[in-house]
Structure formats: structure tokens, C-alpha cells
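1. here is a sequence with its predicted model. Questions after.
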Amino acid sequence: MKVLIQDIVVGDRFRKDKGDIDGLMKSIKELGLLQPIGITKDNVLVFGERRLTACYALGWSEIEARVVDVSSIIEGEFAENEVRKAFTPSERLAIADAVQREIGRRQGTRTDIVSLADKRKEQLRDHGPEVKKGERTRDVVAKISGFSSSKQMERTAKVVEDGSPQLVAAMDKGEVSARKAADLANLTAPEQVVSLQGEKAEREAREEAEKVLLQEVAHYKLQNPGNAYTDYIEKNRKRPDKETAADIGRLLGGQVKADDGSMQPPKSKAQKVSEKKQKDARKEESNLRRQAYHAYISVCYLGQNHDDPEKLLHLINEYELPRMIEYFENAVEWFTRFAKEWRKHAEKNNIK
């Protein structure tokens with residue numbers, strides 16, 4: 001359907017770099033809009049920001065759009081395989097982002113774990129796909145957004161975030177797999193173009209790739225001594241192949257980037273396990289620090305309240321009430337436990 005561009009709400013987008021808008025404008029001007037953008041029933045943009053930006057710059061007042069019913073996807077009324085058929089990988093990623101936000105809003109709690117301790121085998125919040133106890137939300141989101149796994153969704157996210165418009169387009173068209181595209185996204189934008197074009201790459205594209213790569217090496221050497229990897233690039237004006245990169249990586253005691261974007265040599269199982277433990281530990285520490293800050297702020301603000309609570313109730317407006325209801329009981333229960341632990345902590349450490 002046609003939608004007025006001025007009525008479309010653009011929130012915080014996943015992709016920050018919009019790429020070559022001028023080139024897209026030229027294409028749309030010559031060929032028209034080949035694929036509509038996606039919006040929710042409330043006209044919030046789900047995918048197609050580059051297309052929207054280009055059409056607006058061309059002076060269009062309306063744009064072709066299709067409605068993405070996030071609730072239907074969450075509630076299983078739109079099968080995962082249909083999502084996979086109907087949308088490109090980058091569009092499914094945008095849908096997954098919208099689904100993640102909606103699930104978080106419905107849960108009102110942590111969005112990294114779907115807790116079903118009291119509702120085993122029930123649907124997520126009574127209106128979602130059936131999931132296993134302890135299954136992570138990102139796995140659920142990936143499933144209902146048409147991805148085969150959360151890993152595939154993560155690879156797609158890397159391509160959309162770090163890939164050039166040409167690489168994203170190649171992935172969407174099925175010309176390159178998400179796995180391969182995610183590796184190529186490790187390369188500079190000109191290198192991505194050359195890798196996609198292969199031997200047919202134009203001389204200018206190759207020269208630009210070499211120029212950017214050598215600048216990258218020069219920038220590195222301003223702060224670090226040269227090594228076997230930088231020497232290879234300066235001599236050959238390109239990155240080493242996988243086998244050579246693996247040899248250089250072993251020599252340097254780490255990993256280096258190969259010409260296909262992969263990091264070589266591959267990490268061992270023990271390295272992956274160790275890094276995952278470190279990542280989980282950092283994530284847990286970050287989560288605890290955030291909760292400690294919430295406790296501090298809550299105590300400081302509530303400690304300044306002295307008036308009769310009954311006088312405050314009518315001042316809570318209708319827009320704030322649903323969110324307050326959502327968190328109220330858990331807040332009271334947790335704060336009671338916190339107060340108990342605080343008294344023990346204060347007594348033990350002689351805090352007055």
C-alpha cells in the first residue's frame with residue numbers, strides 16, 4: 001500500500017551507516033522502487049531506511065510499504081518458514097529486532113532469558129511460540145523471525161552492521177551465504193567489493209582496496225612495531241590467503257585476517273570455551289553493576305519522600321500506570337530482601 005512518508009516514524013536503527021544513498025537514488029529514479037519498505041500497523045519503520053531516505057531525497061511524498069504484524073509473528077500466526085520465504089535476511093533481522101523489543105515489553109523482566117519456571121510448556125507470556133524452560137530469548141526470536149539459529153541471526157547482524165551495501169545486497173539476493181558474508185564483513189569496504197566481484201573487479205576498485213589496506217597498516221605501525229603480517233601486506237599489497245595467514249598467526253601467537261575475511265588460525269575448542277567464560281563473567285558483572293546502580297538511585301529518591309502515599313496516588317497519570325503495575329510487586333518484594341541484606345551488611349561492617 002502507499003503511505004505518506006511524513007507519517008512514517010523512524011526510531012533508533014540497527015544500521016548506522018546508510019551507505020551510497022546517491023547511487024540508490026539514481027537506481028530508484030531509473031527503475032522505480034523495486035521492493036517496498038516494511039512498517040508496523042502504527043507506521044513505525046521496521047526495515048527499508050535506505051530506501052525511505054532515498055525516496056524522500058527524490059522529493060517523493062508517498063512510498064510503497066507492506067505492514068509487518070509483529071504480534072502475529074510472535075503469536076505464531078505467521079509461520080517461521082513463511083517469514084523466511086517472504087523477507088530477505090536483512091529484513092528478517094529488522095523484524096527480529098522489533099520482535100525482541102515487543103517480547104521485552106510483554107515480559108517486563110530480563111530479555112536474555114525466557115523464564116518458564118511456573119509455566120512449563122506454555123506459550124511465551126500466553127501469546128508466543130512454545131519454548132523450553134530456560135531457552136534464551138534470542139533463540140526464540142531467531143526461530144520466529146525465520147532464522148535457522150541464533151548464530152545465523154548474529155552473522156546476519158554482523159553483515160548489516162559492518163558490511164558494505166553491496167555485501168548486504170549480495171546476501172539478501174542469496175549470492176553469498178550469511179556465514180561467508182559475515183567473514184567478508186571483517187574486510188574493509190573496498191575489499192568487500194573486490195571479493196564479491198572476484199576476477200572481474202575493476203582496476204579502480206582493486207586500487208582503492210589496496211590504498212585503504214595500506215593506510216590501515218600505516219595507522220597500525222604508528223603505535224606498534226611492524227611484524228610478519230604487516231610485512232606481508234606491504235610487500236604483496238593484499239592480505240594473505242587462509243593457509244599463509246594461519247602460519248603467520250601461529251608465528252605471532254594470535255590470529256590474523258585472511259583475504260576471505262576469516263581469522264586464522266581458527267581458535268581451538270579450549271580457547272572458545274575460555275573466551276565464552278570470560279565474556280559471560282563480564283556480562284554478569286555488568287548486569288550486577290547496573291542493578292546496584294538501580295538500588296542506589298531507588299534508595300536516594302524514595303528516601304526523599306515524606307508525604308502520605310495516599311496523596312500521591314492520584315498524581316500518577318494513566319500513561320505511567322501500566323508500567324508501574326508491571327513492576328510494582330517485584331519491586332516491593334526485591335526491595336524487602338535488599339533491606340534485610342543491607343541491615344546485615346551494615347551491622348557486619350559497622351556502617352551507621
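-> Cool, the structure landed.
2. show me the strands in this structure, by range?
-> When assigned using DSSP state E, the strands of the chain occupy the ranges 2-4, 37-39, 45-47, 62-67, 256-257, 263-264.
3. which residues of the stretch 1-150 of the chain score low on pLDDT?
-> The stretch 1-150 of the chain contains residues with pLDDT under 70 at 12-19, 77, 104-136.
4. redo that, cut-off 80
-> Applying pLDDT under 80 to the stretch 1-150 of the chain flags the ranges 11-20, 74-82, 101-138.
5. show me the helices in it, by range?
-> 21-31, 49-57, 70-74, 80-86, 89-107, 137-144, 150-162 (DSSP state H, counting those that start in this stretch).
6. for residue 157, which of the strands of the chain is the nearest?
-> Evaluated with C-beta to C-beta, these place strand 45-47 nearest to residue 157, the distance being 13.2 Å. Backbone N, C-alpha and C define where each C-beta goes, glycine included.
7. so what strands line up beside that closest one?
-> Its sheet considered, strand 45-47 pairs with strand 37-39 (antiparallel) by DSSP bridges.
8. on that earlier part again, so for residue 30, which of the strands of the chain sits nearest?
-> strand 62-67 (16.5 Å).
9. what's next to the closest one, contact-wise?
-> 1-5, 8, 33, 36-41, 48, 51-52, 55 (C-beta atoms under 8 Å, 6 or more residues apart in numbering).
10. equivalent analysis for stretch 222-241, please.
-> Contacts of stretch 222-241 (C-beta under 8 Å, 6+ apart): 187, 191, 210, 213-214, 217, 220-221, 244-245, 248, 251-252, 256-260.
11. for it, how far is the first residue from the last?
-> Criterion C-alpha to C-alpha, to the nearest Å; first-to-last residue distance in stretch 222-241 is 25 Å.
12. show me how far it is from its chain's centre.
-> Centroid separation for stretch 222-241 versus its chain: 32 Å, with C-alpha atoms, centre = their mean, to the nearest Å.
13. does anything pack onto the biggest helix by length in the chain? Which helices or strands?
-> The longest helix of the chain (DSSP state H) is helix 269-302. Judged by 3 or more C-beta pairs under 8 Å, 6 or more residues apart in numbering; DSSP states H and E, helix 269-302 is in contact with helix 321-348.
14. report the inter-axis angle for the helix it packs on versus helix 269-302.
-> 100 degrees (axes from the mean of the first three to the mean of the last three C-alpha atoms, to 10 degrees).
15. mean confidence for helix 321-348?
-> Taken as a whole, helix 321-348 has a mean pLDDT of 90.
16. how about it: buried residues?
-> Across helix 321-348, burial judged by 16 or more other C-beta atoms under 10 Å covers no residue at all.
17. what angle separates it from helix 89-107?
-> Helix 321-348 runs at 70 degrees relative to helix 89-107, counting by the same axes, to 10 degrees.
18. just checking, what packs against helix 321-348?
-> Against helix 321-348 (3+ C-beta pairs under 8 Å, 6+ apart) you get helix 269-302.
19. so how far is the helix it packs on from its chain's centroid?
-> 19 Å.
20. buried sites along that helix?
-> Per 16+ other C-beta under 10 Å, helix 269-302 contains no buried residues.
21. residue 49 - how many residues pack around it?
-> 17 (other C-beta atoms under 10 Å).
22. can you check residue 169 too?
-> Neighbour tally, residue 169, other C-beta under 10 Å: 16.
23. list the buried residues for stretch 181-199?
-> So stretch 181-199, judged by 16+ other C-beta under 10 Å, has buried residues 181-196.
24. same check on stretch 36-50?
-> Within stretch 36-50, the residues that qualify as buried are 36-40, 45-50, counting by 16+ other C-beta under 10 Å.
25. which of those residues sit farthest apart?
-> Pairwise distances across the buried residues of stretch 36-50 peak at 18.5 Å for 40 and 50 (criterion: C-beta to C-beta).
26. quick revisit: could I get the strands of the chain in TSV, plus columns for distance to residue 342?
-> Formatted as TSV, the strands of the chain follow (distance: least, C-beta to C-beta, whole Å):
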stretch	distance to residue 342
strand 2-4	53
strand 37-39	48
strand 45-47	44
strand 62-67	50
strand 256-257	50
strand 263-264	47
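27. mind checking pLDDT for residue 158?
-> 93.
28. correct me, but it touches residue 182?
-> Yes: counting by C-beta atoms under 8 Å, residue 182 is a contact partner of residue 158 at 4.7 Å.
29. quick check: the residue nearest the centre of the chain vs residue 298, distance?
-> Central residue of the chain (C-alpha atoms, centre = their mean): residue 157, 5.5 Å from the mean position. Distance of residue 157 to residue 298, given as C-beta to C-beta, to the nearest Å: 33 Å.
30. before we move on, back to that, nearest to residue 336, out of the helices of the stretch 1-150 of the chain?
-> If you check each of the helices of the stretch 1-150 of the chain against residue 336 by C-beta to C-beta, helix 89-107 wins as the nearest, at 22.2 Å.
31. which other residues reach the closest one?
-> 14, 38, 40, 46-48, 68, 70-71, 73-74, 83-84, 87, 111, 114, 124-125, 127-128, 137-138, 140-142, 144-147, 153, 156-157, 159-160, 168, 171-172, 178.
32. and of the buried residues of stretch 181-199, the nearest to residue 344?
-> Residue 344 lies nearest to residue 182 out of these, by C-beta to C-beta, at 48.9 Å.
33. report the contact partners of that closest one.
-> Residue 182 is in contact with 155-156, 158-159, 261, counting by C-beta under 8 Å, 6+ apart.
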